[in-house]
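J.: got a sequence here, can you model it:
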Amino acid sequence: EPVETVPAGALVVTAKSGLRFDAKEYGPVPAGDITFGYVNDDTMRHTMIVAKGDEKIGTFKLIVVDKGDVDSGTIKLDAGTYTLICDVPGHANMRATLTVE
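T.: Predicted structure coming up:
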């Protein structure tokens, strides 16, 4: 199985040790189809979902299990402010703001 790499032009989000993302805020990015590359720079499993308020957007979910893992995917978003969340139990402080214009 080939190792997944971050797609060209993707918005890269990295899970770091200490249960955090590599930034508190991402963007602004243009509205429409947004491709994310999710990189694990930690030794534990992390996920990334996109939420608007308290509502998860669709079925979009990226999962990285081991250090060095990469997952990617594309989601269509309208202009607005979103929250990137790791929904692994106990990882509640892994949140970041995404601005879409």
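
J.: beyond the lowest-mean-pLDDT helix or strand in the chain, next helix or strand please.
T.: Within the chain, confidence by mean pLDDT, DSSP states H and E is lowest for strand 55-56 among all helices and strands, at a mean of 94. Next along the chain after strand 55-56, taking DSSP states H and E as the criterion, comes strand 62-64.

J.: what's the helix or strand just after that next one in contact with?
T.: The helix or strand immediately downstream of strand 62-64 is strand 70-77, counting by DSSP H and E. Identification of contacts with strand 70-77 by C-beta atoms under 8 Å, 6 or more residues apart in numbering yields 3-7, 10, 31-40, 50, 57-58, 60-64, 98, 100. Glycine gets a C-beta too; all of them are placed from N, C-alpha and C.

J.: now the element after strand 70-77, going C-ward?
T.: Taking DSSP H and E, what comes next after strand 70-77 is strand 80-85.

J.: and for the closest residue to residue 60 other than its chain neighbours, the neighbour number?
T.: For residue 60, the nearest residue in space outside its immediate sequence neighbours is residue 75; the separation is 4.4 Å by C-beta to C-beta, 6 or more residues apart in numbering. Neighbour count of residue 75, defined by other C-beta atoms under 10 Å: 18.

J.: mind listing the residues bridging to residue 75?
T.: residue 34 (DSSP bridges).

J.: can you check residue 99 too?
T.: Counting by DSSP bridges, residue 99 forms beta bridges with residue 81.

J.: and it, what does it touch?
T.: 25-29, 81-82.

J.: same check on residue 33?
T.: By C-beta under 8 Å, 6+ apart, residue 33 lies in contact with 74-76.

J.: ok so, going back, roughly how far does the residue nearest to residue 60 sit from residue 16?
T.: Separation of residue 75 from residue 16 (C-beta to C-beta, to the nearest Å) stands at 22 Å.

J.: may I see the buried residues of stretch 51-69?
T.: Across stretch 51-69, burial judged by 16 or more other C-beta atoms under 10 Å covers 51, 60, 62, 64, 69.
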